[in-house]
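> Okay, predicted coordinates and the sequence, questions at the end:
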Amino acid sequence: MDLKKLAKTLIPDENLLPLEEYENIYPQRQIAKGAEVTRLAPSPTGFIHLGNLYSALADERLAHTTGGIFYLRIEDTDEKRKVEGAVESVIRSLKYFGINFDEGAEIEGGTNAYGPYYQRQRASIYRAFVKDLIEKGLAYPCFCTAEELDAVREEQTANKQITGYYGQFAKCRNLSEEEIYENLQQGKPFVIRLKSQGNTENKMTFNDAIKGEITVTENDQDVVILKSDGIPTYHFAHAIDDHFMRTTLVIRGEEWLSSLPIHIELFKVLGFNRPKYGHTCSLMKVDNGTKRKLSKRKDPELSLDYYRKAGYFPVAVVKYLMTILNSNFEEWANKNPNAHYSEFKYSINKMGKSGALFDLDKLNDISKTELSKLSAEEMYNFLNDWVQEFGSDLDKLHFENKEYIEKILTLIMGIGGKKRRKDIERAEQGVNMLNYFFDDSFNPVYSYRFDGNTVNTVLDEFAKVYDENDDNSAWFAKVKAIAPAVDFASEMSEYKANPQGFKGNVSDVAEILRIAVTGMANSPDLCTIMGILGKERTLQRLNMAKI
Ligand code: GLU
């Protein structure tokens, strides 16, 4: 068969360069030995989720801790599944979490010398290589229709055979020159398939950069490399791109392990050195006592929007992901509570080989700790950003009073006190916590544990003696002094010695006052809260809370 003629017929493009030219256009990168070039290569078919962020963080850390490059490539070969705004969403989401690219699609400031970074704009490069493979007899046109392929698949499934286009099922693999030209003459649409040289009898050991040695079966599938619209498939495009963009390390989810044999063969037939591949393990959660993968359908926490809307502190999410990604991160973070996570020496060898457990409670804990490190002004800014995007009109109105909010935040975070408090977990919850400091959003739940008489006596007695100039101990002395009026013990020691002898104790007095003033049974220091509210509002609330 005249393969040169066939290649020219199938790929008649005039603008293709000799293959060596591409090596010159995309030269080896001038980077230090050991520096890694990594990439995030999303298909713009949806919005990125926590799993993508988790892989992207590993990519970014591995590039930036080795002095390498992290770039963004958009794998848009599947036009039908494209979603408007997906590229912007990827960039915006990662930026929100402080993950920045050095170069790539829509990234300003980088050299961007290895672009274009949208695969559809690179069609001619791919086509030049497909043409070469046809000339070498390593690729061929396939005219099978979708119906024919479906029928083969059904037959294979019924016979419990491996599905796909291979061996005896690869009908077009052995078409004669005449048959090919006849099909072309009839105007039949075609795809170009790889003529696989592999055999599934052959197993090989593959060194995965994360999982270590794994066994891989050779590919024997004649996969499509160029679709009928002249655009390559992801498999083919990624091999060309990772080669010419000079990627040294591919970090991606373990769902891609099943495609690895195809990728190994593609690199081989293209004559390229393969980058290293590391497959991250899937994020799992414990659900009803069993471990399962996080699922888009069942778990809202998989969506990155969930974290933005709930107002998670981005650094906390990243730090939490780091604890799952690198087994020694947590210990380092505990030893260096004030260091930025980028100071940690990230190591691919410490990445988990199997199931990473995602635990929202732990994230919440980290979030509280991180937020407790902010100054009142930083916290105001963080909450205010959230309020401006997601808050109610009332929240926005409250946040106009920066000074008042900062005063409250100082209290809630225990700034200046003996111990920093960790009451704020996320912006949404933090903003809601401020509600009782404003009359228009004060929605008390008067869940007293005592009868009306007792409650009213406490409230009345305290109202009589409250003085906003009292310091903490004078304030508390007054709380204690009320106790006997309702048969409560003034001293805890008294109460403990004879619990039967009293209806309650001094802390129950404080609880009644707390519920009255804040509408909740738990709050930061009540004396300070009363001070912030001021005498008039405090007395008003004590009066309002009687039953
Ligand atoms: N475009 C693929 C995706 O959507 C990327 C796979 C890879 O990283 O090689 O996830």
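Cool, got the structure.

> Residues of the stretch 251-400 of the chain that sit close to the ligand?
Counting by C-beta under 6 Å from any ligand atom, the residues of the stretch 251-400 of the chain close to the ligand are 252, 256. Heads up, the C-betas are built off the backbone N, CA and C, glycines and all.

> wait, I meant the chain
Selection of the chain residues close to the ligand by C-beta under 6 Å from any ligand atom yields 41-43, 75, 234, 238, 250, 252, 256.

> Of these, which belong to helices?
234, 238 (DSSP state H).

> Give me the buried entries from the residues of the chain next to the ligand.
41-43, 75, 238, 250, 252 (16 or more other C-beta atoms under 10 Å).

> for the stretch 401-547 of the chain, what spans make up the helices?
402-412, 427-433, 452-465, 472-482, 492-497, 506-518, 526-533, 535-544 (DSSP state H, counting those that start in this stretch).

> The shortest one: which residues count as buried?
Of the residues in helix 492-497, those buried under the neighbour-count criterion (16+ other C-beta under 10 Å) are 494-495.

> hmm, who's touching it?
The contact list for helix 492-497 (C-beta atoms under 8 Å, 6 or more residues apart in numbering) reads 488-489, 502, 504-507.

> swap in stretch 94-105?
Residues outside stretch 94-105 that contact it (C-beta under 8 Å, 6+ apart) are 39-40, 48, 53, 56-57, 60, 63, 69-74, 87, 91, 107, 110-118, 304, 308, 314-315, 317-318.

> Could you rerun that using 7 Å?
With C-beta atoms under 7 Å, 6 or more residues apart in numbering as the contact definition, stretch 94-105 has outside contacts at 53, 56-57, 60, 69-74, 87, 107, 110-112, 117-118, 308, 314-315, 317-318.

> Nearest residue to the closest residue to the ligand within the stretch 51-200 of the chain in space, please, no chain neighbours.
Residue nearest to the ligand within the stretch 51-200 of the chain: Glu75 (3.7 Å; C-beta to the nearest ligand atom). In space, and not counting its chain neighbours, Glu75 is closest to Ser43: 4.6 Å by C-beta to C-beta, 6 or more residues apart in numbering.

> Please look at that neighbour and Glu79 and confirm they touch.
No - contact between Ser43 and Glu79 fails when scored by C-beta atoms under 7 Å: they sit 10.9 Å apart.

> Common neighbours of these two, please.
Counting by C-beta under 7 Å, 6+ apart, Ser43 and Glu79 have no shared contacts at all.

> Which of the contacts of stretch 94-105 fall within strands?
Under the assignment DSSP state E, those contribute 69-72 to strands.

> Report the separation between the nearest residue in space to Lys227 that is not next to it in sequence and Cys144.
Take Lys227 and drop its neighbours on the chain: the residue closest to it by C-beta to C-beta, 6+ apart is Val191, 5.6 Å away. Val191 sits 8 Å away from Cys144 when distances are taken as C-beta to C-beta, to the nearest Å.

> How about Arg449?
When Arg449 is compared with Cys144 (using C-beta to C-beta), they lie 76 Å apart.

> buried set for stretch 111-124?
Going by 16+ other C-beta under 10 Å, stretch 111-124 has these buried residues: 112, 114-115, 117-120, 122-123.

> before we move on, what about stretch 62-77?
For stretch 62-77, the neighbour count (16+ other C-beta under 10 Å) marks 62-66, 68-77 as buried.

> Show the average pLDDT along it.
For stretch 62-77, mean pLDDT is 96.

> hey, C-alpha coordinates of it in PDB?
This file holds the C-alpha atoms of stretch 62-77, laid out as PDB (Å, rounded to 0.1, in the frame of the first residue of the first chain):
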ATOM      1  CA  LEU A  62       5.500  19.900  43.300                       C
ATOM      2  CA  ALA A  63       6.300  22.500  40.700                       C
ATOM      3  CA  HIS A  64       6.800  25.300  43.100                       C
ATOM      4  CA  THR A  65       8.800  23.500  45.700                       C
ATOM      5  CA  THR A  66      11.200  22.300  43.100                       C
ATOM      6  CA  GLY A  67      11.600  25.600  41.300                       C
ATOM      7  CA  GLY A  68       9.600  24.400  38.300                       C
ATOM      8  CA  ILE A  69       6.500  25.500  36.400                       C
ATOM      9  CA  PHE A  70       2.800  24.900  36.900                       C
ATOM     10  CA  TYR A  71       0.700  25.600  33.800                       C
ATOM     11  CA  LEU A  72      -3.000  25.400  32.700                       C
ATOM     12  CA  ARG A  73      -3.900  23.500  29.600                       C
ATOM     13  CA  ILE A  74      -7.500  23.300  28.400                       C
ATOM     14  CA  GLU A  75      -8.400  20.000  26.900                       C
ATOM     15  CA  ASP A  76     -11.300  21.100  24.800                       C
ATOM     16  CA  THR A  77     -11.300  18.400  22.200                       C
END
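
> Arg153 against Ile162, yeah?
No - in this structure, Arg153 is not within contact of Ile162 by C-beta under 7 Å, at 10.6 Å.

> Between those two, which has more neighbouring residues?
Remark: of Arg153 and Ile162, Arg153 carries more neighbours, 15 against 12, as counted by other C-beta atoms under 10 Å.

> give the contact list for that one.
Neighbour list for Arg153: Thr163 [criterion: C-beta under 7 Å, 6+ apart].

> re the thing from before, out of Arg449 and Cys144, name the residue with the larger neighbour count.
Under the criterion of other C-beta under 10 Å, the comparison of Arg449 against Cys144 puts Cys144 first, with 19 against 12.
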